[in-house]
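Engineer: Let's see this in three dimensions:
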Amino acid sequence: MDAMTEVTPDSGFAGENGAAKVQERLQKRHQARTEDAERRKEAKESQSVAEEKGEYFSSTFNKERAYIEELLSSCSGADQAVVTEKLEEVTAKTVQLQKFLNDSMLFLTQYDLRQAQAALQKIQTSLAEAREEALPKKKFAFRSRTKAAAKVPAQAAAAATPAPDVVDSGSTKAEGAAFSEQCGISNVSNEFLTRTAEEIQKRDVLLTHLTNCKVRLFGSPTTLHLKHIDSCEILCGPVTTSVFVDHCTNSTLALPCQQLRTHHTTNTQVYLHVTSRAIIEDCNGVGFAPFSWSYPTMEEDFVLSGLDRDRNNWSQVDDFNWLAAGIPSPNWSVIPEAERKTQWDP
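Structural biologist: Numbering: from 1, shown residues only. You can find the predicted model right below:
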């Protein structure tokens with residue numbers, strides 16, 4: 001045998017096997033690079049789509065908001081019939097804009113969401129102020145419920161008592177069209193208070209400075225404002241747009257609505273049906289559970305309100321004071337099932 005390396009059958013096989021392994025590694029590397037490039041491409045396309053959606057939302061939202069603000073401005077100096085017609089259009093446009101925001105929430109940034117919600121709240125405040133300024137009002141004491149008692153549960157009707165300091169702005173009609181105005185209850189303590197559907201339907205309801213009261217609102221108001229509420233139980237039918245809660249403590253609320261905004265609230269339980277996401281700010285000790293109150297005409301009121309009965313984001317709460325990603329806010333919690341209230345009236 002000469003000095004050349006001896007070649008055996010096994011050494012040929014080992015060479016082929018090694019080459020196959022190298023080829024396999026190269027193929028895997030190429031596949032990984034291809035998959036990574038595909039992921040990057042999809043991420044870039046997804047980002048582009050989100051940006052396009054965001055731009056479309058901003059453009060459309062701002063255009064509609066400007067139109068609503070122009071309508072509100074044009075009310076100044078107009079006669080009552082024209083003002084009524086314009087404010088009806090503003091109300092309808094505001095409801096549409098709220099729905100547009102709710103449907104767009106999945107792809108909006110937190111900043112854009114807050115800006116849009118703040119703009120909507122400003123519009124609703126301006127709308128209430130325009131109604132207050134332009135339309136005539138009348139005041140009267142909380143009226144007897146004898147006529148309307150058949151429309152609410154018998155026990156609630158029997159428990160209702162007249163309350164002083166309950167203000168109603170009345171209902172204004174122009175050219176056969178009914179228009180909603182603000183009505184409410186204020187400065188009441190230790191009372192059981194009710195409102196029927198005919199009293200609050202498609203109206204803005206304000207409850208303020210109530211202490212140790214039980215309130216039942218049967219029907220579908222346009223908006224609901226709760227301010228300076230202490231140790232109360234407030235149950236409301238489906239609210240067409242938003243519920244605003246401010247300075248509420250030691251209370252229980254049951255509310256179906258499109259949007260909930262809660263400020264300066266402590267030690268309060270909220271039984272909620274909401275089609276967007278609830279918002280809290282400067283709050284602590286707030287508990288959430290699914291809405292569980294019912295009354296005979298509630299399903300009809302849900303239809304009238306336009307709320308989606310099958311869409312409830314009661315546990316999706318944004319705390320504007322808590323920015324730690326991935327860490328739950330300590331300012332709110334889900335009420336444990338065993339502790340949830342299910343029986344509201346005897």
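
Engineer: alpha carbons only for contacts and neighbour counts from here, please
Structural biologist: Fine.

Engineer: what helix or strand is residue 273 on?
Structural biologist: strand 259-274 (DSSP states H and E).

Engineer: which other helices and strands contact that strand?
Structural biologist: Applying 3 or more CA pairs under 8 Å, 6 or more residues apart in numbering; DSSP states H and E, we find strand 259-274 packed against strand 242-249, strand 252-257, strand 278-281, strand 284-290.

Engineer: Show me the one of those strands that comes nearest residue 77.
Structural biologist: Nearest of the helices and strands packed on strand 259-274 to residue 77, taken as CA to CA: strand 242-249 at 28.7 Å.

Engineer: what stretches of the chain score poorly on pLDDT?
Structural biologist: Scanning the chain with the threshold set as pLDDT under 70 gives 1-16, 41-51, 132, 134-182, 346.

Engineer: all helices of it, in order?
Structural biologist: 9-73, 80-104, 110-134, 154-159, 197-200, 298-305 (DSSP state H).

Engineer: Buried residues of the third one, list them for me.
Structural biologist: Pointing back at helix 110-134 there. Of the residues in helix 110-134, 113, 116, 117, 120, 121, 123, 124, 127, 130, 131, 134 count as buried by neighbour count, 16 or more other CA atoms under 10 Å.

Engineer: ok, back up a step: how much does the strand holding residue 273 deviate in direction from helix 80-104?
Structural biologist: Strand 259-274 and helix 80-104 meet at an angle of 70 degrees, taking axes from the mean of the first three to the mean of the last three CA atoms, to 10 degrees as the criterion.

Engineer: now residue 116, nearest residue through space, not along the chain?
Structural biologist: Nearest-residue entry for residue 116: residue 101, 7.5 Å, with adjacent residues in sequence omitted and distances by CA to CA, 6 or more residues apart in numbering.

Engineer: if we can go back for a sec, direction included, what does the strand holding residue 273 pair up with?
Structural biologist: Applying DSSP bridges, strand 259-274 is found paired with strand 242-249 (parallel), strand 252-257 (parallel), strand 278-281 (parallel), strand 284-290 (parallel).

Engineer: okay, the helices of the chain in CSV with distance to residue 335 next?
Structural biologist: CSV is the format used below for the helices of the chain (distance: least, CA to CA, whole Å):
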stretch, distance to residue 335
helix 9-73, 35
helix 80-104, 25
helix 110-134, 26
helix 154-159, 26
helix 197-200, 30
helix 298-305, 24
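
Engineer: Can you name the residues bridging to the spatially most central residue of the chain?
Structural biologist: Centrality entry for the chain: nearest residue to the mean C-alpha point is residue 259, 1.6 Å, by CA atoms, centre = their mean. In this structure, residue 259 bridges to residue 242 when assessed by DSSP bridges.

Engineer: Could you tell me which residues make contact with it?
Structural biologist: 241, 242, 243, 274, 275, 276, 277, 278 (CA atoms under 8 Å, 6 or more residues apart in numbering).

Engineer: Just the buried residues of stretch 249-269, please?
Structural biologist: Neighbour counts over stretch 249-269 (16+ other CA under 10 Å) mark 249-269 as buried.

Engineer: go on, stretch 301-316?
Structural biologist: Buried, per 16+ other CA under 10 Å, within stretch 301-316: 301, 302, 304, 305, 306, 307, 312, 313, 314, 315.

Engineer: now the residues you listed in a markdown table, with distance to residue 207?
Structural biologist: Shown next, in a markdown table, are the buried residues of stretch 301-316 (distance: CA to CA, whole Å):
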| residue | distance to residue 207 |
| --- | --- |
| 301 | 20 |
| 302 | 21 |
| 304 | 22 |
| 305 | 20 |
| 306 | 23 |
| 307 | 22 |
| 312 | 25 |
| 313 | 25 |
| 314 | 22 |
| 315 | 25 |
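
Engineer: To residue 326, which of the helices of the chain lies closest?
Structural biologist: For the helices of the chain, proximity to residue 326 was assessed by CA to CA; helix 110-134 is nearest, at 14.6 Å.

Engineer: what's the closest one packed up against?
Structural biologist: Using 3+ CA pairs under 8 Å, 6+ apart, helix 110-134 sits against helix 9-73, helix 80-104, strand 182-189.

Engineer: rerun that using 6 Å as the cut-off
Structural biologist: Using 3 or more CA pairs under 6 Å, 6 or more residues apart in numbering; DSSP states H and E as the contact test, no helix or strand touches helix 110-134.

Engineer: Please work out how many residues are found near residue 201.
Structural biologist: Number of residues near residue 201 (other CA atoms under 10 Å) recorded here: 23.

Engineer: Sorry, slip of the keys, the one I care about is residue 100.
Structural biologist: Residues lying near residue 100 (other CA under 10 Å) number 14.

Engineer: Next, the contact list for it, please.
Structural biologist: Applying CA atoms under 6 Å, 6 or more residues apart in numbering to residue 100 gives no contacts.

Engineer: Which two of the buried residues of helix 110-134 have the greatest separation?
Structural biologist: Of all the pairs that those form, the one spanning the most space (CA to CA) is 113 and 134, at 31.4 Å.

Engineer: residue contacts, residue 244?
Structural biologist: 225, 261, 262 are the contacts of residue 244 under CA under 6 Å, 6+ apart.

Engineer: Residue 53: which of the residues you listed is nearest?
Structural biologist: Of all the contacts of residue 244, residue 53 sits closest to residue 261, with 25.0 Å by CA to CA.

Engineer: Verify the contact between that closest one and residue 279 for me.
Structural biologist: Yes. If you go by CA atoms under 6 Å, residue 261 and residue 279 touch, sitting 4.9 Å apart.
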